[in-house]
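A.B. asks: I would like the atomic coordinates for the input below:
(one chain, ligands or ions: 1)
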Amino acid sequence: MAHRWTNTLTHEDVTSERLFLNRRQVMAGAAAGFGMAGLGTQAAAEEALEPNSWEDITEYNNFYEFGTGKGDPAAYAEALTTDPWTVTIDGLVDRPGDYDFKDIMARMTVEERIYRFRCVEAWSMVIPWNGFELADLLEMAGVKAEAKFVRFETLYRPEEMRGQKYRTIDWPYVEGLRLDEALHPLTIMATGIYGKTIPNQNGAPMRLVVPWKYGFKSIKSIVKITLTDEEPINTWKALQASEYGFYANVNPEVDHPRWSQASERKIGGGLFSPRVPTLKFNGYEEEVASLYEGMDLRANF
Ligand code: MTE
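C.D. replies: Residues are numbered from 1 along each chain as shown. Prediction:
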């Protein structure tokens, strides 16, 4: 669609033989042409955007619908039927309805986005997603002027999602974004990884990715999207409001009550890999800080 995000790289850029040169060209191009990439962001992007392996990304997961262990999703998510798949879009939209996932895909432009991914548990990865901008999907449904938030819901199907037989959380998993966050061009619906269909354990057939927020905002296997004028109550906030907020912006200056958020452990680096400093808004400060101008990020964590 019309808005393309230029300050991101494609898989070819980071894996080609002339890796370093290519990266510099892409980043320099973005900086010169659009003035979006500041030097700090540029240096950080060059250093940190080495994608994790397929194994790292698909074997170390959080997807409580399949269990609370990091290996449970890879072990059990195969049981999930993802075709057919219907996404209900309702609430404050012009064209509410049940949209077939295949019809959605036929209308969306899928592109590659290599994003840092930072879990609230202080581990991180770099993931080469394939997906489309959430803004395009919302445009398809037609957002009414009164809408202020977007609420997302994951499938509830305990016969296929074995973790849902236990009340670890109040199913279905729910997340939410402010409308301007949802419409931001960095916000995508991911449908693939490394150019392959997204595996069930990563949220097939369609999951949210909001790269400047903690990973729990990136809700998986979405079946319902509701436009609303009220801030949605997200699952982790409902479970423990003193520890998990609605905004969940990555912020090294605001610690989790039980651990520091100043640094992170990069998955795949081996047992003795050093922790690396966490970047404000996960390194996307230039792009998203304006969304929160005048807001107390400590109170709105
Ligand atoms: N979505 C659903 N439906 N259920 C979950 O348990 N876990 C969240 C998020 N989305 C979760 C979810 C958390 S805590 C993280 S860190 C990411 O998914 C993990 O995504 P990944 O497994 O693809 O790395």
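
A.B. asks: only the buried residues of stretch 65-74, if you could.
C.D. replies: Within stretch 65-74, the residues that qualify as buried are 65, 66, 67, 72, 73, 74, counting by 16 or more other CB atoms under 10 Å. C-beta: built from backbone N, CA, C; applies to glycine.

A.B. asks: measure that stretch end to end?
C.D. replies: Stretch 65-74 has an end-to-end distance of 12 Å (CA to CA, to the nearest Å).

A.B. asks: picking up where we left off before, show me which of the buried residues of stretch 65-74 neighbour the ligand.
C.D. replies: Filtering the buried residues of stretch 65-74 for proximity to the ligand by CB under 6 Å from any ligand atom leaves residue 65.

A.B. asks: for the ligand, what's its nearest residue on the stretch 201-301 of the chain.
C.D. replies: Ranking the residues of the stretch 201-301 of the chain by distance to the ligand (CB to the nearest ligand atom) places residue 215 first, at 2.7 Å.

A.B. asks: phi and psi next, for the nearest residue to that residue once chain neighbours are set aside.
C.D. replies: Of all residues beyond its chain neighbours, the one nearest residue 215 is residue 119 (4.1 Å), with distances taken as CB to CB, 6 or more residues apart in numbering. Taking degrees, to the nearest 10, you get phi -80, psi 150 for the backbone angles of residue 119.

A.B. asks: what about residue 119, how many neighbours?
C.D. replies: If you count neighbours by other CB atoms under 10 Å, residue 119 ends up with 18.

A.B. asks: tell me who's in contact with it.
C.D. replies: Contacts of residue 119 were listed using CB atoms under 8 Å, 6 or more residues apart in numbering, and they are 62, 214, 215, 216.

A.B. asks: cool, residue 79 as well?
C.D. replies: Counted by CB under 8 Å, 6+ apart, residue 79 has contacts 160, 161, 162.

A.B. asks: isn't the last one right up against residue 77?
C.D. replies: No - taking CB atoms under 8 Å as the definition, residue 162 is not a contact partner of residue 77, at 9.5 Å.

A.B. asks: name the residues of stretch 91-109 that are buried.
C.D. replies: Of the residues in stretch 91-109, those scored as buried under the neighbour-count criterion (16+ other CB under 10 Å) are 91, 92, 93, 99, 101, 104, 108.

A.B. asks: for the second one, give its distance to the ligand.
C.D. replies: Counting by CB to the nearest ligand atom, to the nearest Å, the separation of residue 92 from the ligand is 23 Å.
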